[in-house]
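>>> this is the structure alone, sequence omitted:
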């Protein structure tokens, strides 16, 4: 479980440069930084409620700027409110290596999702600063705006704008449930920056991200951190099923076109497709999590049902196979009950395979700590967008029982510290790789 | 299909009295009366929209009073607005034999549900009047208020008050979606009568009701009318299923507590229980027609699902057996997925077996027309309440494809006429039975 083979990765030697070999993160400082980042928007149940660009988000942004400035960073805020805290390197002609994630949370979120990624970046920064080390490339610690999308859908909005997936205008015009636009809120809290939000105008050399796994694999394997090799292939569907409304009391069982019975059989069939055989072995996942039926009347057979379907697998081909099998089974079920079924695939996100050198840097760093588990992320992250344009890799930290988007979200202090340590090693390796590459020494 | 054996019925000889033997209903007049009753509240699609106590309902009530008065009836309106148009008999010391149904409709209803029952009663009345016949007992043609419950839930409200199932105060205080009470509307349209709405203050000797089947059995068997022996045993349930919310992308298939997958298996299991074996043979029906899941998020496994369950069978014992099997299967499914399941039976309506003599009168009348199909009603009707206190029976008229509560609801003119003819014969038989019984001649 957990480790999934993707394509063959080219291998590059990525040793920690000898002069950095004794450099260590400080676990107490790391925990203190994480605690400090949770001062604003925390909830009595131990969770967080810090919707993007609200007053608490402004406070944590101000704190982030103050803390990174203390470590010699200059601050760039772009047109989507993304904050780049940049520490100069030896060669400032190349773009900084980014370490980023997000400080916004779900309305009933936890203390680790996103916050861990920004604060482990801050710990790397503080480690360099405390040890007076100037790295080869500049370093940018990044707070990406509105990763959650909980206030302004969609998720990963501002890293998406940076990567060119959305225009800045689209991002600015997103509205929250009260009709307030994202741009209005950026202006209100003073975070509408002048730097264009594009990877071209404000480039990076690479992007690292630490994130809690949000799944139970590392916890089950008792591994503090894992190497993330990429992000699953995903397809999202709406399935509309139309039967015939009829009276539950007067309509014989064999004369029905029961849309909900058909939907139930489709839910069971979908589960069966990915829990048996090769697709199960290759970690395909298919979930129907949303159902709505009409009319909502206890004594009228459901005439219309809409389901959502979420299909994922490390490989695109497996997602396509789940698609094929679902269509086949759904058509059989529809035929049996005289139903009309319409399957609309409204979103596809192909599998992402992170940059091989970046992954090797994470792999080598994790291995030096005795951690060898490799995973494919089941969720989207800001790194999904950065990977479109710059070498990207991620490190997962174990989270208890895989619980996330919940006040009970928890990562042990030792695992928080381990993830910062793994990040430092990976980052230093890639900084050295960049030096060698730039100097033509590879 | 269709005919279901219930308990053994005692047989009484119920011949049509010789002096009535040539009496016939008039099919043209019958259709004209039905058309006239649909003058108010009809819709361009051929259906009806006449919510109880609205302006159209007032107009059809005024028409009903005018037409029945022409046939020598005196009018009693009770405190729930039920209208009793009473034609005197030879013996006015005994309560009238009632023939009733309702003139209100669903908002997207048809021309037959309820309206057929009142107008076939009017046709019996007009036949007697045209032929100058004085029956033994008085005859009451009844328009029961708010049978549909579409404006003022629950359904069958005013016959329920008459039968003592609800108080008049309860009935008066029902509100429509605009907050208007039923009593306010009775006052507004001038139908708040002074006669107490109780079977004791305003009694009947018996109650006949013609109704469209609202199911496909007669249509499939090509039978114009059917003998209704009673009303199915019914139980309604809420089923609450609690699992564990988790990310669809990060949670392995074997580590889930998916409430919607469990719910789907329960829907499939419920269907299987009544579509196989003895329960299927004995016409048990079980339907899950309503589902709601939380959270409504495509990438969060459903943590909570609520289902409704509607179980029916001609016999109480079969409903109890479906209950037992569902609980057994639901518990197995819940255990398999680590779900919590709570089954709440919030309404029980035991099987109703109509009065054996009344049913024999219907049976004999239908048989004289060559119709021998016997059914158990799957839906509730005003007759369900009247049967609690007075001998009651029903006649079903064929409706096309079993479609009801729909503008497409349709009964052929020949079947409309046949149902009136069957009613006349049944009514005359029971009137004679009452005479013999009162005179001590049985």
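All right, it came through fine. None of the values given here were measured: they were computed from a predicted structure. Numbers count the residues shown, from 1 in each chain, chains lettered A, B, ... in the order given.
>>> hey, let's count contacts and neighbours off CA atoms from now on
Will do.
>>> let me know the outermost residue of chain A.
residue A:250 (50.8 Å; C-alpha atoms, centre = their mean).
>>> correct me if wrong: it contacts residue B:377.
Yes - in this structure, residue A:250 is within contact of residue B:377 by C-alpha atoms under 8 Å, at 6.9 Å.
>>> list residues touching both of these two?
residue B:213 (C-alpha atoms under 8 Å, 6 or more residues apart in numbering or on different chains).
>>> quick revisit: regarding the residue farthest from the centre of chain A, what is its secondary structure?
Three-state call for residue A:250 (DSSP: H, G, I helix; E, B strand; the rest coil): coil.
>>> contacting residues for it?
B:213-216, B:377-379.
>>> can you put these in CSV and add distance to residue B:160 and pLDDT?
What follows is the contacts of residue A:250, written out as CSV (distance: C-alpha to C-alpha, whole Å; pLDDT from 0 to 100):
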residue, distance to residue B:160, pLDDT
B:213, 21, 96
B:214, 21, 93
B:215, 24, 91
B:216, 27, 91
B:377, 18, 94
B:378, 18, 88
B:379, 15, 87
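>>> which of the residues you listed sit farthest apart?
Greatest spatial distance in the contacts of residue A:250: B:216 and B:379, 13.0 Å, computed using C-alpha to C-alpha.
>>> you'd agree residue A:334 is up against residue A:262?
Yes - between residue A:334 and residue A:262 there is a contact under C-alpha under 8 Å: 6.6 Å.
>>> more crowded one of the two?
Neighbours around residue A:334 and residue A:262, counted as other C-alpha atoms under 10 Å in any protein chain shown, are more numerous at residue A:262. The numbers are 28 against 22.
>>> buried ones in the helix or strand where the more buried one lies, by neighbour count?
Taking DSSP states H and E as the criterion, residue A:262 maps to helix A:259-274. By neighbour count with 16 or more other C-alpha atoms under 10 Å in any protein chain shown, helix A:259-274 contains the buried residues A:259-271, A:273-274.
>>> what helices or strands is that helix leaning on?
strand A:233-242, helix A:277-281, strand A:285-287, strand A:304-313, helix A:316-337, helix B:259-274 (3 or more C-alpha pairs under 8 Å, 6 or more residues apart in numbering or on different chains; DSSP states H and E).
>>> point out the most buried one among the ones you listed.
strand A:285-287 (a mean of 28; mean count of other C-alpha atoms under 10 Å in any protein chain shown).
>>> average model confidence for the following helix or strand past that strand?
The helix or strand immediately downstream of strand A:285-287 is strand A:291-294, counting by DSSP H and E. Strand A:291-294 shows a mean pLDDT of 96 in the predicted model.
>>> run the contact check for strand A:291-294 versus chain B.
Yes - Strand A:291-294 is in contact with chain B by C-alpha under 8 Å from any C-alpha of the partner chain, via A:291-294.
>>> which one of those has the most neighbours?
residue A:291 (26 neighbours).
>>> whichever residue of the stretch 301-442 of chain A sits closest to chain B: neighbour count?
Among all residues of the stretch 301-442 of chain A, residue A:378 sits closest to chain B, at 4.0 Å; criterion: C-alpha to the nearest C-alpha. When neighbours are counted by other C-alpha under 10 Å, residue A:378 registers 24.
>>> so who does the closest residue to it other than its chain neighbours touch?
Nearest non-adjacent residue to residue A:378, counting by C-alpha to C-alpha, 6 or more residues apart in numbering or on different chains: residue B:249, 4.0 Å away. The contact partners of residue B:249, by C-alpha under 8 Å, 6+ apart, come to A:285, A:312, A:377-379, B:299.
>>> bridging residues for the residue lying closest to residue A:312 once chain neighbours are set aside?
Residue nearest to residue A:312 in three dimensions, not counting chain neighbours: residue A:234, with 4.5 Å by C-alpha to C-alpha, 6+ apart. Beta bridges link residue A:234 to residue A:312, residue A:349, judged by DSSP bridges.
>>> give the contact list for residue A:234.
A:310-313, A:319, A:347-351.
>>> let's go with 10 Å and repeat that
Residues near residue A:234 by C-alpha atoms under 10 Å, 6 or more residues apart in numbering or on different chains: A:285-286, A:310-316, A:319-320, A:347-351, A:378-380, B:249.
>>> confidence score at it?
So residue A:234 comes in at 93 (pLDDT).
>>> likewise residue A:403?
Note on residue A:403: pLDDT of 89.
>>> now residue A:16
Residue A:16 is assigned 73 on the pLDDT scale.
>>> burial of it, as a residue count?
Neighbours of residue A:16 (other C-alpha under 10 Å): 21.
>>> secondary structure class for it?
coil.
>>> so where is chain A shaky, pLDDT-wise?
The model of chain A has pLDDT under 70 over residues A:1-13.
>>> for it, what spans make up the strands?
In chain A, the segments counted as strands under DSSP state E are A:74-77, A:83-87, A:97-101, A:139-143, A:206-212, A:225-231, A:233-242, A:285-287, A:291-294, A:304-313, A:340-349, A:352-353, A:374-377, A:392-397.
>>> select, out of the ones you listed, the one closest to residue B:104.
Among the strands of chain A, strand A:291-294 sits nearest to residue B:104 (C-alpha to C-alpha), with 23.7 Å.
>>> output the contacting helices and strands for the closest one.
strand A:233-242, helix A:259-274, strand A:304-313, strand B:291-294 (3 or more C-alpha pairs under 10 Å, 6 or more residues apart in numbering or on different chains; DSSP states H and E).
>>> Throw these into a markdown table and include distance to residue B:71, thanks.
As requested, those are exported to a markdown table (distance: least, C-alpha to C-alpha, whole Å):
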| stretch | distance to residue B:71 |
| --- | --- |
| strand A:233-242 | 49 |
| helix A:259-274 | 49 |
| strand A:304-313 | 48 |
| strand B:291-294 | 51 |
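>>> residue A:38 - how many residues pack around it?
Neighbourhood size, residue A:38 [other C-alpha under 10 Å]: 22.
>>> near chain B, which residues of the stretch 101-250 of chain A are found?
Residues of the stretch 101-250 of chain A lying close to chain B (C-alpha under 10 Å from any C-alpha of the partner chain) are A:213-217, A:231-234, A:236-238, A:244-250.
>>> ok, the closest residue to residue A:358 other than its chain neighbours - contacts?
Closest residue in space to residue A:358, ignoring its immediate chain neighbours: residue A:393 at 5.5 Å, by C-alpha to C-alpha, 6+ apart. Applying C-alpha under 10 Å, 6+ apart to residue A:393 gives the contacts A:99, A:206-210, A:227-230, A:353-362, A:383-384, A:386-387, A:426.
>>> mind listing what residue A:184 touches?
Per C-alpha under 10 Å, 6+ apart, neighbours of residue A:184: A:53, A:172-175, A:190, A:192.
>>> can you pull the domain assignment for chain A?
Following automatic domain parsing, chain A resolves into domains at A:18-232+A:351-438, A:233-349.
>>> need these in JSON lines (columns: distance to residue B:366).
Converted to JSON lines, these look like this (distance: least, C-alpha to C-alpha, whole Å):
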{"stretch": "domain A:18-232+A:351-438", "distance to residue B:366": "63"}
{"stretch": "domain A:233-349", "distance to residue B:366": "21"}
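>>> related to what we said a few turns ago, what's the closest of the contacts of residue B:249 to residue A:440?
residue A:377 (33.4 Å).
>>> ok, that closest one touching residue A:396?
Yes - counting by C-alpha atoms under 10 Å, residue A:396 is a contact partner of residue A:377 at 8.7 Å.
>>> identify, from the buried residues of helix A:259-274, the entry nearest to chain B.
For the buried residues of helix A:259-274, the nearest to chain B is residue A:264 (4.3 Å; C-alpha to the nearest C-alpha).
>>> ok so, going back, which pair in the contacts of residue B:249 spans the largest distance?
Farthest pair in these, by C-alpha to C-alpha: A:377 and B:299, 13.8 Å.
>>> of the two, who's got more company?
Counted by other C-alpha under 10 Å, residue A:377 and residue B:299 do not tie: residue A:377 has more neighbours, with 28 against 23.
>>> so what does residue A:410 look like in phi/psi?
phi -150, psi 130 (degrees, to the nearest 10).
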